[in-house]
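Engineer: Kindly generate the corresponding structure for this input.
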Amino acid sequence: MPRPPRFAPAVAAIPGAVFSPTDRRLDAAQRGACPLHVGDTWMEPFAGARCEDLREADFPGLHRYSESQGIPDLVEAIVGKVRTRNALACDPASVWVTAGATGALGAAVGAIVSPGEEVLILAPFWPLIRGIVQSFRATPVEVPFYDRVDSPEAAVAAVRERLSQRTAALYVSTPSNPTGRVLPPAWLEALAAFARREDLWLLSDEVYEDYVYRGEHVSLGRFAPERTLSIFSFSKAYGMAGYRTGYLVGPTEAVAQAGKIATHTFYSAPTMGQVAALRALREGGAWVERARASYRGVAEAAASELGTPPPEGSTFLFLDVRRALDDRGLRGFLSDCLDDGVALAPGSSCGGDYGEWVRLCYTSAPPAEVKDAVRRLAKRIG
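Structural biologist: Below you'll find the model as predicted:
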């Protein structure tokens, strides 16, 4: 009998589910548990940018493909936003609208890495970035960072320790998913200078730029614009995760190369999502202000209940729970939390050194429900 075709080894090595240690239990118990494991918001988009608000009569072509780069009016609006808020040089050729920030990162990685090269990833990290790098036959190299580095010099030293001749790029997330850290400008400047010395690309994940509670968000691209690909998201900014709309900004030639990957994978971002995104850029500021105030209040209450410092930004807490583990390890702890009606993400999905940590998203359910779930979690941790 002939053997079946082989699967690509690089893809076989990627986990089939982000939170694999608990996915089966989550599937069975999620309906009754507070879903603190998923990075989303309970808030609906502002009125005017919801599906029911968008009519084909008002937006001819709403149900058709858009230009692969993005709707021209949206591209122009993004240029204005990036110049004003992010202080980055930008023109229409520097922008590509994508199928979520995930699509932007996939297109960027595909454009700048070759099979066998390495991408340094500051850890703990957003769970999908590891698999994105593997998808393009490159190797993710984890750099223990956010919970261990305390100065620009230490930041550079941590990255240098994992550098090799195969390193092609460095991935930086600020505000950080999952730690809630906001990297200071001096740290970003030092990392940018390091990347320039070592001739590395920079991948700047800025999807939580609107949710900073302490300090300020500064775009990494300010310090090394010639080598930085910046990734942004309407999903996180405006509560539009289901619309799958984000965007990539960077050097014109790099964006053109990333655009090839985007075109040959998802072709164009969802047209309805782009129309909603344009409305968000024009009219969504008040919604963001309300969301930020709500998120910050819940974050501070949850951190106080759990005895951990409040996050500086993003929508997550990252907790060391080793003192609460028994001989079943984290899997047993997460199972017990599900019994308590609390769903959490395993820290191992955010890096190999974090098998005794959990990620908690405090925006995925209404504030009262999150606070109640956090109280139950605090009793479990002790």
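Engineer: P366: what's its closest spatial neighbour, skipping adjacent residues?
Structural biologist: W42 (5.2 Å; CB to CB, 6 or more residues apart in numbering). Any C-beta I mention is one placed from the backbone N, CA and C, and that applies to glycine too.
Engineer: check contacts around that neighbour.
Structural biologist: 363-366 (CB atoms under 8 Å, 6 or more residues apart in numbering).
Engineer: which of these has the most neighbours?
Structural biologist: Among those, the one with the most neighbours (other CB atoms under 10 Å) is T363, at 25 neighbours.
Engineer: Correct me if wrong: that residue contacts R292.
Structural biologist: No: contact criterion CB atoms under 8 Å: T363 and R292 do not qualify, at 10.4 Å.
Engineer: Tell me which residues are up against stretch 159-173.
Structural biologist: 109, 112-114, 116-122, 125-126, 129, 138-139, 141-143, 145, 183, 188, 191, 194-195, 198, 200-205, 220.
Engineer: Need the phi and psi values for the nearest residue to L62 once chain neighbours are set aside.
Structural biologist: With CB to CB, 6+ apart as the criterion, L62 has its nearest non-adjacent residue at 4.5 Å, and that residue is E56. When read as degrees, to the nearest 10, the backbone of E56 gives phi -60, psi -30.
Engineer: mind checking how far E56 is from R64?
Structural biologist: 10 Å (CB to CB, to the nearest Å).
Engineer: which parts of stretch 257-274 are buried?
Structural biologist: Within stretch 257-274, the residues scored as buried using 16 or more other CB atoms under 10 Å are 257-259, 261-262, 266, 268-274.
Engineer: got the end-to-end distance for it?
Structural biologist: Start-to-end span of stretch 257-274 (CA to CA, to the nearest Å) is 21 Å.
Engineer: What of stretch 357-374?
Structural biologist: OK, stretch 357-374 end separation, CA to CA: 15 Å.
Engineer: Ranking helices and strands of this structure by mean pLDDT, which lands last?
Structural biologist: Ranked by mean pLDDT, DSSP states H and E, the weakest helix or strand in the chain is helix 23-29, scoring a mean of 51.
Engineer: Starting from it, tell me the next helix or strand along the chain.
Structural biologist: The helix or strand immediately downstream of helix 23-29 is strand 34-35, counting by DSSP states H and E.
Engineer: after that following strand, next one along is what?
Structural biologist: helix 72-85.
Engineer: In that next one, which residues are buried?
Structural biologist: Those would be 74-75, 77-79, 81-82, for helix 72-85 by 16+ other CB under 10 Å.
Engineer: Could you measure from A169 over to E117?
Structural biologist: 8 Å.
Engineer: With V95 instead?
Structural biologist: 26 Å.
Engineer: between these two, which one's more packed in?
Structural biologist: The neighbour comparison of V95 against E117 (other CB under 10 Å) goes to V95, with 26 against 18.
Engineer: any chance you could map the helices in this protein?
Structural biologist: 9-12, 23-29, 72-85, 100-112, 127-135, 152-161, 185-198, 234-238, 252-265, 271-283, 285-306, 329-339, 367-381 (DSSP state H).
Engineer: quick check, distance from the third one to the centre of its chain.
Structural biologist: The chain centroid and the centroid of helix 72-85 are separated by 21 Å, computed with CA atoms, centre = their mean, to the nearest Å.
Engineer: now stretch 275-292
Structural biologist: On CA atoms, centre = their mean, the centre of stretch 275-292 falls 19 Å from that of its chain.
Engineer: Identify each buried residue in it, please.
Structural biologist: Quick answer for stretch 275-292 (16+ other CB under 10 Å): 275-281, 284, 287-288, 291.
Engineer: try stretch 321-338
Structural biologist: Neighbour-count burial for stretch 321-338 [16+ other CB under 10 Å]: 321, 324, 330, 333-334, 337-338.
Engineer: out of those, who's nearest A13?
Structural biologist: L330 (21.3 Å; CB to CB).
Engineer: so what pLDDT did the closest one get?
Structural biologist: Reading off the confidence values, L330 has pLDDT 95.
Engineer: isn't it right up against S349?
Structural biologist: No: if you go by CB under 8 Å, L330 and S349 don't touch, sitting 10.8 Å apart.
Engineer: quick one, what contacts E198?
Structural biologist: Contacts of E198 (CB under 8 Å, 6+ apart): 163, 167.
Engineer: Please report how far it lies from S219.
Structural biologist: Taken as CB to CB, the span from E198 to S219 is 21 Å.
Engineer: what's the answer for V133, then?
Structural biologist: Taking CB to CB, one finds V133 at 22 Å from S219.
Engineer: what about the two, which has more around it?
Structural biologist: With neighbours defined as other CB under 10 Å, V133 and S219 compare such that V133 has more, 28 against 22.
Engineer: ok, and the closest non-adjacent residue to the more buried one?
Structural biologist: With CB to CB, 6+ apart, the residue lying closest to V133 is P140, at 4.3 Å.
Engineer: Model confidence score at P21, please.
Structural biologist: 48.
Engineer: Same check on G16?
Structural biologist: For G16, pLDDT reads 73.
Engineer: got the phi/psi numbers for it?
Structural biologist: phi -70, psi -20.
Engineer: which one is L36 nearest to, not counting chain neighbours?
Structural biologist: L360 (4.8 Å).
Engineer: so who does Q257 touch?
Structural biologist: Per CB under 8 Å, 6+ apart, neighbours of Q257: 111-112.
Engineer: Tell me which two of the buried residues of stretch 275-292 sit farthest apart.
Structural biologist: V275 and A291 (20.7 Å).
Engineer: ok, back up a step: need the buried residues of stretch 321-338 in TSV with distance to P311, can you?
Structural biologist: Output for these, formatted as TSV (distance: CB to CB, whole Å):
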residue	distance to P311
V321	17
A324	20
L330	21
F333	22
L334	21
C337	20
L338	24
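Engineer: which one among these gets closest to G103?
Structural biologist: L334 (29.6 Å).
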